[in-house]
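S.K.: I need the structure of the sequence given here:
(chains A and B)
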Amino acid sequence: MTALLTIIVLVFILVAIWQMVKIFDLAQAKNENAGIATDKDNTMNAYLMMGFLAFIYAITIVCFVKWGDLPLMSNSASEHGPTIDNLMIISMVIIFIVQTITQFLLHYFAYKYKGEKGRKALFFADNNKLEAIWTIIPVIVLAGLIIYGLNTWINIMGVDESDDPLVVELYAQQFNWKARYGGADNTLGKANVRLIDIDRANILGLDEADPNAQDDVITTELHLPVGKPVLFKMRSQDVLHSAYMPHFRAQMNCVPGMITQFGFTPTVTTADMRETSQIQEKVKRINDIRVENSKPLLAKGEEPLEPYTFDYLLLCNKICGKSHYNMQMKIVVETQEEYDAWIKEQKAFKNSLIN
Amino acid sequence: MSAHADTHANDDDHGHHHKETFVTKYIFSQDHKMIAKQYLITGTIMGVIGVLMSMMFRMQIAWPEEPNVLFEALLGKWAPDGVMDADIYLALVTIHGTIMVFFVLTAGLSGTFSNLLIPLQIGARDMASGFLNMVSYWLFFLSSIIMVISLFVEAGPAAAGWTIYPPLSALPMAQGGSGMGMTLWLVSMAIFIASSLLGSLNYIVTVINLRTKGMSMTRLPLTIWAFFITAVIGVISFPVLLSAALLLIMDRSFGTSFFLSDIFIQGEVLHYQGGSPVLFEHLFWFLGHPEVYIVILPAMGLVSEIMASNSRKPIFGYRAMIASILAIAFLSTIVWGHHMFISGMNPFLGSVFTFTTLLIAIPSAVKAFNWITTLWKGNLQMNPAMLFSIGFVSTFITGGLTGIILGDSALDINVHDTYFVVAHFHLVMGISALYGMFAGIYHWYPKMFGKMLNKNLGYIHFWITAVCAYGVFFPMHFIGMAGLPRRYYTNSNFPLFDDLANVNVIITIFALIGGVVQIVYLYNFFSSIFFGKKAPQNPWKSTTLEWTAPVEHMHGNWPGEIPHVHRWAYDYSKPGHDVDFVPQNIPLKEGEEELQH
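M.R.: Predicted structure coming up:
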């Protein structure tokens, strides 16, 4: 019943708007060459063009001032992070300059050369020199960006096995993550989803006969020692997922049937990151919002929202089904000692099986 | 009957005066002008559906999980107590993308204007095959109907994103929408592709064979160049999507393993072995990327034409404009991998695609600067079509520039699949192409319906839409750079993004206003068909051939002989002439030189 009423109300509103437009339409004198812009229209729209230019500049400034202090531009927590951030800033500066100039020219010309009766436009069809200029300048700028970008890309994606990285498997399933460590031998045991045996708690399908698998450790939190290179091996058991770790400028899809990889070196522990001024500001901002959002809850007699403390997160960033939005894993970066203590408490695979 | 006659469409004697019934005139018409209108109206209806969907999911994003009486009314069982279900949220996002990209901006834009303008601007009686043209439209209509029907299936419509990556799209147990909903989606798209291919082949053949006397390739208006090259890209890339869809149907229904391997879901191991979802991504984006140029090139062509006409100036750098269309078309087929930098494909391949992708910025920059220079020292007639064209250049630049971030594999790592991408492609190919389409409609409405649109409603429509478009998509870059992933049903499930909630509210408010204001346009469009002022033959004082045809539509376009062409399409404000435009069919004056641009 409410549904029907809502639809009726909605239809009435639409009809009302339609009728208002109609009144506006009919109220106009149709005689003077309706439909074709007059000098008056040209002038009005020319001024609006300048107004719109101001609007574009204003929205740019507002966005940068209000939301420009981004975790993506600074404050990265991995070794390669700053190189991405630098490239990002350089690209943004170039974009900002080009955007400001071209939008100005576009809207200013639209204002300056507004049509007037009797004036004739300049017959200007071609100029090879001008066109050469705006072909060559983008070529140079882009050549620079391509070289810098590819250099960065190759450095990030090239995994140096001689660094003896910590090998960690990120295992994705609808809708949660698991991490698997190689144990004392730092070697992941063989695994395949065909070997999954829920009854025996072999949830990741490890090969029980593989000696390398025996000391593997499966966890629901990702702990990483600071300063040590990590090589992630991604696996998915059902659909595509993407392991997105924005604070580390890292992301790689998890593809069923194949193993993908991404490596980085975390440089800032969770504890240190919490102390940085940017994160403290962000946490304060979020907690202010949460206090505000708790008020209606408290009024209803419900529990208020819990205060927020900062943690690195691993997010799923490839549409994977109903609870895609709710698929994340906490990442803890800690000192080597803390990490060693933590990993020692975890159960080895051979001991976690139910016989 | 007339199919036979139309194969001789370019004959000067077009003597088929057979009787037209209501059915042959308005429904199974083989006249390109009527087919164009059919495309436009079907595209408009699909557009209304697509925009309504976006308004609904924007409300969910801004006010997550809050009961909304609108949801309850419109979504029924998918919004128990007015709270939108997470599955239907993904379905709305999916179908919105599908409808807008394919049904509105491919069929609605390219289908409308290629059909309307190719014969009229090249001086042909009709398309090379009027019959195939009719079949093409009706296949499109059929695919639209199937897509709409898919919204009502029991387990929900397709919800795996418009890119329908398997395994999510292949396994009904992974997602409700991947059952019957996805089957219908695939069937609908297969028919759509058939329609698009028939249309494209027709456009190509027509442009190559049926140009009137004197209409050399370098005298063609840029619209025709754009439609022509668009059709070529379509013929090259759409079959690949068709094969991807067919292989996906095989995997889904006949147990093959093209895209699937090693899957454990809901407690059981599936039999699939040896396939790869990455293969699907390659096949999908082999169309998917050219597709964005299939969407934007026709808009570019329309805008070039409208800008020249309303600036009363030749388009600047005609040959460079053609060269950049060709360059974009060529590059568009070798950049698809930039959607897959982090898909698990070899990083070296990523490097290659970064290189080719960033190259596209060069012809794009040439085009943008040429448009701006076209305005310089013009005598700008601010008709609604002109405003939308200027708006097109503005959003194309804003949206295009962020492409150099996304096309750069190193930077893509961190903004891939965030709202930064959503902002980028909506500005550069969504809003821009839509502006191109609106510009085309405002400009050629007199040609289509013989009536004028109300310009003041056009101004209201443009300015509010323009402000809303920036209001929606500019801030969206920033939530993307803050790391907010797209396709999240709610962002308040964990606190990391709580401080972005207010940005999403602002975006949604702009989106709602921008959506509602389209009523102004719809009113203008539909009421002017009946009550609009009668259009003069050449309202914008343009040079191209369509304005030499009579206002009243007739089979064969011109009574008597087809006009011959003596000059290029851009003799605006040419020195030595009293008027500021010289139509293409006017012979050169004695001693007048044709500029070889």
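
S.K.: quick one: low-confidence ranges for the stretch 251-355 of chain A?
M.R.: Applying pLDDT under 70 to the stretch 251-355 of chain A flags no residue at all.

S.K.: now it against chain B: closest residue?
M.R.: Using Cβ to the nearest Cβ, A:G257 is the residue of the stretch 251-355 of chain A that sits closest to chain B, at 2.9 Å. All C-beta spots, glycine's among them, are computed from the backbone N, C-alpha and C.

S.K.: the nearest residue to that residue once chain neighbours are set aside: how many residues sit nearby?
M.R.: Closest residue to A:G257 apart from its sequence neighbours, by Cβ to Cβ, 6 or more residues apart in numbering or on different chains: B:S261 at 2.9 Å. Counted with other Cβ atoms under 10 Å in any protein chain shown, the neighbours of B:S261 add up to 19.

S.K.: mind checking the SS state of B:S261?
M.R.: Assigned with DSSP: H, G, I helix; E, B strand; the rest coil, B:S261 falls in the coil class.

S.K.: and the contacts of stretch A:58-70?
M.R.: With contacts defined as Cβ atoms under 8 Å, 6 or more residues apart in numbering or on different chains, stretch A:58-70 is touched by A:96, A:99, A:278, A:281, B:470-471, B:474-475, B:477-479, B:481-482, B:500, B:503.

S.K.: coming back round to it: the residue nearest to A:G257 touches B:G275, doesn't it?
M.R.: Yes: taking contacts as Cβ atoms under 8 Å, B:S261 lies within contact range of B:G275: 4.8 Å.

S.K.: quick check: neighbours shared by the two?
M.R.: Contacts common to B:S261 and B:G275, judged by Cβ under 8 Å, 6+ apart, are A:G257.

S.K.: pLDDT score assigned to the closest residue to chain A within the stretch 201-350 of chain B?
M.R.: Nearest to chain A in the stretch 201-350 of chain B, going by Cβ to the nearest Cβ, is B:S261, at a distance of 2.9 Å. For B:S261, the model assigns a pLDDT of 93.

S.K.: does the helix or strand where B:G391 lies come close to chain A?
M.R.: Assigned by DSSP states H and E, B:G391 belongs to helix B:384-401. Yes: judged by Cβ under 8 Å from any Cβ of the partner chain, helix B:384-401 and chain A are in contact via B:386-387, B:390, B:393-394, B:397-398, B:401.

S.K.: could you do stretch B:33-50 as well?
M.R.: No: Stretch B:33-50 lies out of reach of chain A by Cβ under 8 Å from any Cβ, never closer than 11.0 Å.

S.K.: now do that stretch, average pLDDT.
M.R.: For stretch B:33-50, the mean per-residue pLDDT is 96.

S.K.: now it: buried residues?
M.R.: Buried residues in stretch B:33-50, defined by neighbour count with 16 or more other Cβ atoms under 10 Å in any protein chain shown: B:33-40, B:42-44, B:46-50.

S.K.: swap in stretch B:500-509?
M.R.: For stretch B:500-509, burial by neighbour count (16+ other Cβ under 10 Å) applies to B:500-501, B:503-504, B:507-508.

S.K.: tell me the one of these nearest B:I413?
M.R.: Nearest to B:I413 among these: B:L500, at 20.5 Å, using Cβ to Cβ.

S.K.: could you chop chain A up by domain?
M.R.: Domain assignment for chain A by automatic domain parsing gives A:39-115, A:161-272+A:308-352.

S.K.: any idea how far stretch B:107-119 is from the chain center?
M.R.: 11 Å (Cα atoms, centre = their mean, to the nearest Å).

S.K.: just the CA atoms of that stretch, as CSV, please.
M.R.: What follows is stretch B:107-119, C-alpha atoms only, in CSV (Å, rounded to 0.1, in the frame of the first residue of the first chain):
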residue,chain,number,x,y,z
ALA,B,107,23.1,2.5,-30.1
GLY,B,108,21.4,5.7,-29.0
LEU,B,109,24.2,8.0,-30.0
SER,B,110,25.9,6.2,-32.9
GLY,B,111,22.8,4.5,-34.2
THR,B,112,20.8,7.7,-34.2
PHE,B,113,23.3,10.0,-35.8
SER,B,114,25.0,7.6,-38.2
ASN,B,115,21.7,6.7,-39.6
LEU,B,116,20.4,10.3,-39.8
LEU,B,117,23.5,12.0,-41.1
ILE,B,118,25.5,9.5,-43.2
PRO,B,119,23.1,9.5,-46.2
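
S.K.: one step back: give me phi/psi at the residue of the stretch 201-350 of chain B closest to chain A?
M.R.: B:S261 adopts backbone torsions of phi -160, psi 140, taken as degrees, to the nearest 10.

S.K.: show me what contacts it?
M.R.: Going by Cβ under 8 Å, 6+ apart, B:S261 touches A:256-258, B:272-276.

S.K.: who wins for neighbours among the residues you listed?
M.R.: Within the contacts of B:S261, neighbour counts (other Cβ under 10 Å) peak at A:P256, which reaches 28 neighbours.

S.K.: was I right about it contacting A:M234?
M.R.: No: taking contacts as Cβ under 8 Å, A:P256 lies outside contact range of A:M234: 10.6 Å.

S.K.: what about stretch B:94-114, near chain A?
M.R.: No: using Cβ under 8 Å from any Cβ, stretch B:94-114 never reaches chain A; the gap is at least 8.6 Å.

S.K.: cool, thanks, signing off.
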